[in-house]
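# Any chance you could fold what I've pasted below:
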Amino acid sequence: MAGRLRLNGRQAWLAFSALLAAGSLPGWFVPAPLWDWQPALAFGEPWRLLTAAWVHWSPLHLGGNLVATALVAVFGVTARVPPRATLAWALAWPLTHIGLLLQPALLHYGGLSGVLHAGVAVVLVHLLRDTTGRPRLIGAMVTVGVLVKLVLEAPWGPPLRQMPGWDIAIAPLVHATGTLAGALVALLLGCALVNRS
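Next up, the predicted model:
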């Protein structure tokens with residue numbers, strides 16, 4: 001009987017990061033209306049809870065999210081996340097987009113940024129609950145930075161906001177829903193309690 005393939009925490013995190021990045025490339029060639037988030041189609045076409053992450057509205061948007069995916073991958077590997085962290089990140093992916101139902105005026109959404117915020121939140125839960133000393137301090141400082149960023153983005157405001165340097169409008173709510181989904185799922189799974197990496 002062949003042995004089961006088992007990935008350690010860092011390998012699983014890198015593999016999931018690669019999946020997110022790789023899905024964005026063919027997603028670039030699929031017409032956005034087939035894959036993007038649309039609240040009216042959320043329950044009739046549930047695949048959009050996943051595929052919305054792979055829709056990008058411009059080359060700059062795609063490139064920026066691919067770079068950000070690499071940074072989140074490095075963050076998780078450096079933090080030595082346990083295998084359950086990747087499971088938490090994967091479960092937070094569709095929950096991030098379900099949260100967009102809070103803003104029905106957001107008629108279309110695409111991009112990885114919400115899911116990437118979820119990944120950062122998962123790493124932060126791990127750092128704050130499963131480490132001590134310098135790693136925990138880094139986790140606390142990054143947590144404060146993320147919270148300040150979210151408040152400054154005012155996710156309770158208009159559904160879209162034009163940001164300097166971007167050729168698309170961003171949806172601040174998805175950053176908040178991603179962060180919340182990642183943190184809650186990581187806490188519920190207890191992914192930071194047992195480091196098996």
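# and after the lowest-mean-pLDDT helix or strand in the chain, which helix or strand comes next?
Of all regular secondary-structure elements in the chain, judged by mean pLDDT, DSSP states H and E, the least confident is helix 32-35 with a mean of 85. The helix or strand immediately downstream of helix 32-35 is helix 48-51, counting by DSSP states H and E.
# Output the contacting helices and strands for that following helix.
Helices and strands in packing contact with helix 48-51 are listed as helix 83-98; criterion 3 or more Cβ pairs under 8 Å, 6 or more residues apart in numbering; DSSP states H and E. Heads up, the C-betas are built off the backbone N, CA and C, glycines and all.
# Buried residues, the helix or strand following the helix it packs on. List them.
Stepping forward along the backbone from helix 83-98, the first helix or strand reached (DSSP H and E) is helix 113-130. Counting neighbours by 16 or more other Cβ atoms under 10 Å, one finds that the buried residues in helix 113-130 are 113-128, 130.
# tell me what the least confident helix or strand of the chain is packed against?
Here helix 32-35 is seen to pack against no other helix or strand when contacts are counted using 3+ Cβ pairs under 8 Å, 6+ apart.
# hmm, who's touching it?
Identification of contacts with helix 32-35 by Cβ atoms under 8 Å, 6 or more residues apart in numbering yields 27, 47-48, 51-52, 54-55, 57, 108, 110.
# One more pass at 6 Å, please.
Applying Cβ atoms under 6 Å, 6 or more residues apart in numbering, the set of residues contacting helix 32-35 from outside is 51, 55, 110.
# Kindly reformat those as TSV containing pLDDT, neighbour count and distance to residue 188.
Output for the contacts of helix 32-35, formatted as TSV (pLDDT from 0 to 100; neighbours: other Cβ atoms under 10 Å; distance: Cβ to Cβ, whole Å):
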residue	pLDDT	neighbour count	distance to residue 188
51	94	20	25
55	94	26	28
110	94	25	27
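# In this protein, where is pLDDT below threshold?
Under the criterion pLDDT under 70, the flagged ranges of the chain are 1-5, 191-197.
# I'd say residue 163 and residue 170 touch.
Yes - distance between residue 163 and residue 170: 5.4 Å, which falls inside the contact criterion (Cβ atoms under 6 Å).
# who's more crowded, those two?
residue 170 (17 against 11; other Cβ atoms under 10 Å).
# So what does residue 161 have for phi and psi?
With angles defined as degrees, to the nearest 10, residue 161 shows backbone torsions of phi -140, psi 130.
# Check the burial of residue 100 by counting its neighbours.
22.
# Contact partners for it?
With Cβ under 6 Å, 6+ apart as the criterion, the residues that contact residue 100 are 37, 106, 109.
# And for the first one, the neighbour number?
Other residues near residue 37 number 27, with proximity taken as other Cβ under 10 Å.
# how much space between it and residue 81?
Going from residue 37 to residue 81 by Cβ to Cβ, to the nearest Å gives 27 Å.
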